[in-house]
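J.: Here is the input, now give the coordinates:
(2 chains)
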Amino acid sequence: MTRSSLFAGVALAAGLFAATLASAAELTVGFSQIGSESGWRAAETTVSKMEAEKRGIDLKIADAQQKQENQIKAIRSFIAQGVDAIFLAPVVATGWDSVLEEAKDADIPVVLLDRTIDTKDESLYLTAVTSDTVYEGKVAGEWLAKTVGDKQCNIVELQGTVGSSPAINRKKGFDEAIAAHSNLKIIRSQTGDFTRTKGKEVMESFIKAEGGGKTICAVYAHNDDMQIGAIQAIKEAGLKPGTDILMVSIDAVPDIFKAMADGEANATVELTPNMAGPAFDAVMAYKKDGTVPPKWIQTESALYLPDTAKEEYERRKNLGY
Amino acid sequence: MTLARPFRALPAATPQILTFVLVLLANWAVFPDFFDLRLQDGRLFGSLIDVLNRGAPVAILAVGMTLVIATKGVDLSVGAVMAIAGAVAATLAADGQPLPVILAAALSVGLLCGLWNGLLVAILDIQPIIATLILMVTGRGIAQLVTEGQIVTFTHEGLIAVAGSALLGLPMPVVIALALAGAVAALVRFTALGLLIESIGVNRTASTYAGVDSRSVLLAAYGVSGLCAALAGLIAASDIRGADANNAGLWLELDAILAVVIGGTSLFGGRFSILLSLVGAFVIQAMNTGILLSGYPPEMNLIVKATAIVLILVVQSPAATRLKGFFGPKGGRP
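T.: The predicted model follows:
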């Protein structure tokens, strides 16, 4: 009994020593990831690993399987391990104050990825790296306005899940962008729940409701998956998506690049899965000379067109989308 | 006089048929071109066809669900089994396997899932709602394991044809749903199987004492439900040319149960009608399509649907039946 526990103690000490040696050279970052509920989330995890490797950072990822309690546990364990920084992709907006307080007391900076939290005390986190979903909708709207020019254009909109913040914001941004152009008009707008099946079903009904689709000039989908469903519905109705009807959507998942390469989609706005890259840079600068980053680091919402579709597809297809 | 049974059930079907016609007329009122049909690439094209085509997966689920509910059970796992079958089919299709292999694999997986439920219910005597809840929760995880969390897409002509082809102008999912419902209805009505299922639903213990092999019948009912779910999963995957483990069949178990209830089958077991469950599934889809065609804002979807369903259930309630002096079906109801 005594001997075995002594042995265990030595082994533990040796392990700790090795761990200390390893982290002496580089930064160790703990990342509490939500889970892998979508392809985008899986890609975010993959890209985070790649970005960490690029910078020689030791990244520990804890998958919370969509549960806040698991995320809180993971953060506590990161604090106990004494990591240099904690990344958090919060599954919900509230209830983080006490655990982030613990991280603050331990002097470990916390960076929020992809989503933000509701808190009165902004000093609980170093910075938040997120995309601006209103701006994404704006980029899509501006592209459409520019492409259509002065022609009359009836738009149908495939909304995300009713009440979800990306759906509200992507609609808002798009509406703002086309508000100045009286020739652009949204004639129909329905929710496709961000899924391919519903996107296809809703597009089928839009086509029937608008005289077989002949009066529809463009489809704006709040995500690429719904757009891929819509593309199939348009093809089955005997029309050419991308030619007869302009197709613009958001997210930039690999499959939409395939559709663009085939001439069936016209544009997509990227929601980059690389949230960790800017976060690593902020943490490294902060650790080096105490540079405090801005409270909000906005990722770029780049517009992608068919001309680069082939390369972009090749670049993304193995990211785990 | 078993042959006369389906015909004797006709007067009892009046509320369901009436409901379906009323919902279709309501759709016509909000969208005048609702009944317009034309041929497009060798298949019929129009809103009415959309109702049948989009309603087919739930109709197929409702066939299996009817049998299970008639035994006083419920199968909550059908949505998850759809996701598993779709994931298996898509993965094999992306791998370039021939269609018979894909179909056999997906249907076997569905059957296995159904038999697992049956085992828990029939042999281990676990309450159906709990027994099938297990697979409802874990099934989606299994599907995600198969697809590794991605949407697996394919360009396999054979599998695409499962939902993408047409027979006599009707989309294949509709043909599959009608053929399946017809075959299962014939099987249970022209043999003693239907009677055995009803008797187990009314009183399992008494049926067992009367010599009914209730375990085998229960196993078979859940097995068929699993098979139906796999078929619906194949159609869902074929339709979008990909398997979306997170969303395929999500909440469809509830639509299937609702379809069975609208079809007049009691949740307390016993009396059931497969063909009326089919009508129930198309009633639900007709409402969905009508809402999409109406152009109401999406925030209204659930309110409109809920109001319509409450109305339907009130009209079909026993109290309303007594009030209007409908001819109720004879026997079966406990």
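J.: residues from the stretch 201-334 of chain B in reach of chain A?
T.: By Cβ under 8 Å from any Cβ of the partner chain, the residues of the stretch 201-334 of chain B that approach chain A are B:236, B:239-242, B:244, B:246-248, B:288-289, B:292-293, B:295, B:297-299, B:301. Backbone N, C-alpha and C define where each C-beta goes, glycine included.
J.: Can I have the buried ones of the residues you listed as a PyMOL selection?
T.: PyMOL command restricting those to the buried ones, with burial defined by 16 or more other Cβ atoms under 10 Å in any protein chain shown:
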select buried, chain B and resi 236+239+240+241+242+244+246+247+248+288+289+292+293+298+301
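J.: mind listing which of the residues of the stretch 201-334 of chain B next to chain A are in helices?
T.: B:Ala236, B:Asp239, B:Ile240, B:Asn288, B:Thr289, B:Leu292, B:Leu293, B:Asn301 (DSSP state H).
J.: Settle this for me: the last one is touching A:Val162, isn't it.
T.: Meaning B:Asn301. Yes: look at B:Asn301 against A:Val162 with Cβ atoms under 8 Å: they come within range, at 7.5 Å.
J.: mind checking which helix or strand B:Ala232 is in?
T.: Assessed by DSSP states H and E, B:Ala232 sits inside helix B:214-240.
J.: before we move on, the earlier item: which residues do B:Asn301 and A:Val162 both contact?
T.: Residues touching both B:Asn301 and A:Val162 by Cβ atoms under 8 Å, 6 or more residues apart in numbering or on different chains: A:Thr191.
J.: after the lowest-mean-pLDDT helix or strand in chain A comes which helix or strand?
T.: Lowest by mean pLDDT, DSSP states H and E among the helices and strands of chain A is helix A:2-25, with a mean of 48. Sequence order places strand A:28-33 as the next helix or strand after helix A:2-25, per DSSP H and E.
J.: Show me what the helix or strand just after that following strand is packed against.
T.: Counting by DSSP H and E, the element after strand A:28-33 in chain order, helix or strand, is helix A:39-55. Secondary-structure packing of helix A:39-55 (3 or more Cβ pairs under 8 Å, 6 or more residues apart in numbering or on different chains; DSSP states H and E): strand A:28-33, strand A:58-63, helix A:276-289.
J.: Same list as before, the ones you listed that is, but in JSON lines and with distance to A:Arg315, mean neighbour count and mean pLDDT included.
T.: Formatted as JSON lines, the helices and strands packed on helix A:39-55 follow (distance: least, Cβ to Cβ, whole Å; neighbours: other Cβ atoms under 10 Å in any protein chain shown; pLDDT from 0 to 100):
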{"stretch": "strand A:28-33", "distance to A:Arg315": "22", "mean neighbour count": "24", "mean pLDDT": "95"}
{"stretch": "strand A:58-63", "distance to A:Arg315": "21", "mean neighbour count": "17", "mean pLDDT": "94"}
{"stretch": "helix A:276-289", "distance to A:Arg315": "15", "mean neighbour count": "18", "mean pLDDT": "94"}
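J.: Would you mind saying which of these lies nearest chain B?
T.: Closest approach to chain B among these (Cβ to the nearest Cβ): strand A:58-63, 10.6 Å.
J.: Output the next helix or strand after the closest one as CSV, nothing but the C-alphas.
T.: Once the chain leaves strand A:58-63, the next helix or strand it forms, by DSSP H and E, is helix A:68-81. The C-alpha trace of helix A:68-81 is given here as CSV (Å, rounded to 0.1, in the frame of the first residue of the first chain):
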residue,chain,number,x,y,z
GLN,A,68,-22.6,24.9,-19.8
GLU,A,69,-21.8,22.8,-16.7
ASN,A,70,-19.1,20.9,-18.7
GLN,A,71,-17.6,24.2,-19.9
ILE,A,72,-17.5,25.5,-16.3
LYS,A,73,-15.8,22.2,-15.2
ALA,A,74,-13.3,22.5,-18.1
ILE,A,75,-12.4,26.1,-17.2
ARG,A,76,-11.9,25.1,-13.5
SER,A,77,-9.6,22.3,-14.6
PHE,A,78,-7.7,24.7,-16.9
ILE,A,79,-7.2,27.0,-13.9
ALA,A,80,-6.0,24.1,-11.8
GLN,A,81,-3.5,23.1,-14.5
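J.: B:Ala163 and B:Ala83: what is the separation?
T.: Relative to B:Ala83, B:Ala163 is positioned 16 Å away (Cβ to Cβ, to the nearest Å).
J.: Repeat that for B:Ile69.
T.: Distance of B:Ile69 to B:Ala83, computed by Cβ to Cβ: 22 Å.
J.: same check, this time on B:Thr14
T.: With distances taken as Cβ to Cβ, B:Thr14 is found 37 Å from B:Ala83.
J.: what's the answer for B:Leu52, then?
T.: With the distance defined as Cβ to Cβ, B:Leu52 ends up 23 Å from B:Ala83.
J.: With neighbour numbers in mind, choose between those two.
T.: Comparing B:Leu52 with B:Ala83 by other Cβ atoms under 10 Å in any protein chain shown, the one with more neighbours is B:Ala83, at 31 against 22.
J.: element containing that one?
T.: Short version: B:Ala83 belongs to helix B:78-94, going by DSSP H and E.
J.: What lies in contact with the following helix or strand past that helix?
T.: Next in sequence after helix B:78-94, counting helices and strands by DSSP H and E, comes helix B:99-118. Residues outside helix B:99-118 that contact it (Cβ under 8 Å, 6+ apart): B:64, B:75, B:77, B:81, B:84-86, B:88-89, B:92-93, B:97, B:128, B:131-132, B:135, B:139, B:156, B:158-159, B:161, B:218-231, B:233-234.
J.: Alpha carbons of stretch B:214-222, as CSV, please.
T.: Only the C-alpha atoms of stretch B:214-222 are listed here, as CSV (Å, rounded to 0.1, in the frame of the first residue of the first chain):
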residue,chain,number,x,y,z
SER,B,214,-47.4,-11.0,-27.5
ARG,B,215,-43.6,-10.8,-27.3
SER,B,216,-43.2,-11.8,-31.0
VAL,B,217,-46.0,-9.4,-32.1
LEU,B,218,-44.4,-6.5,-30.1
LEU,B,219,-41.0,-7.3,-31.5
ALA,B,220,-42.4,-7.3,-35.0
ALA,B,221,-44.3,-4.0,-34.5
TYR,B,222,-41.2,-2.1,-33.3
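J.: how near is A:Arg115 to A:Ser32?
T.: Computed as Cβ to Cβ, the A:Arg115 to A:Ser32 distance reads 12 Å.
J.: any common contacting residues for those two?
T.: Shared contacts of A:Arg115 and A:Ser32, defined by Cβ under 8 Å, 6+ apart, comprise A:Ala89.
J.: Off-centre distance for the helix holding B:Ala232?
T.: Relative to its parent chain, helix B:214-240 has a centroid offset of 9 Å by Cα atoms, centre = their mean, to the nearest Å.
J.: Mind listing the residues bridging to A:Arg188?
T.: For A:Arg188, the beta-bridge partners are A:Val156 (DSSP bridges).
J.: That one contacts A:Ile207, correct?
T.: No: judged on Cβ under 8 Å, A:Arg188 makes no contact with A:Ile207 at a distance of 10.2 Å.
J.: Helix, strand or coil: sort out the spatially closest residue to A:Glu44 that is not a sequence neighbour for me.
T.: Counting by Cβ to Cβ, 6 or more residues apart in numbering or on different chains, A:Glu44 lies nearest to A:Pro273, which is 4.2 Å off, once chain neighbours are set aside. At A:Pro273 the chain is in coil, as set by DSSP: H, G, I helix; E, B strand; the rest coil.
J.: From what I see, A:Pro273 and A:Trp40 are in contact.
T.: Yes: if you go by Cβ under 8 Å, A:Pro273 and A:Trp40 touch, sitting 6.0 Å apart.
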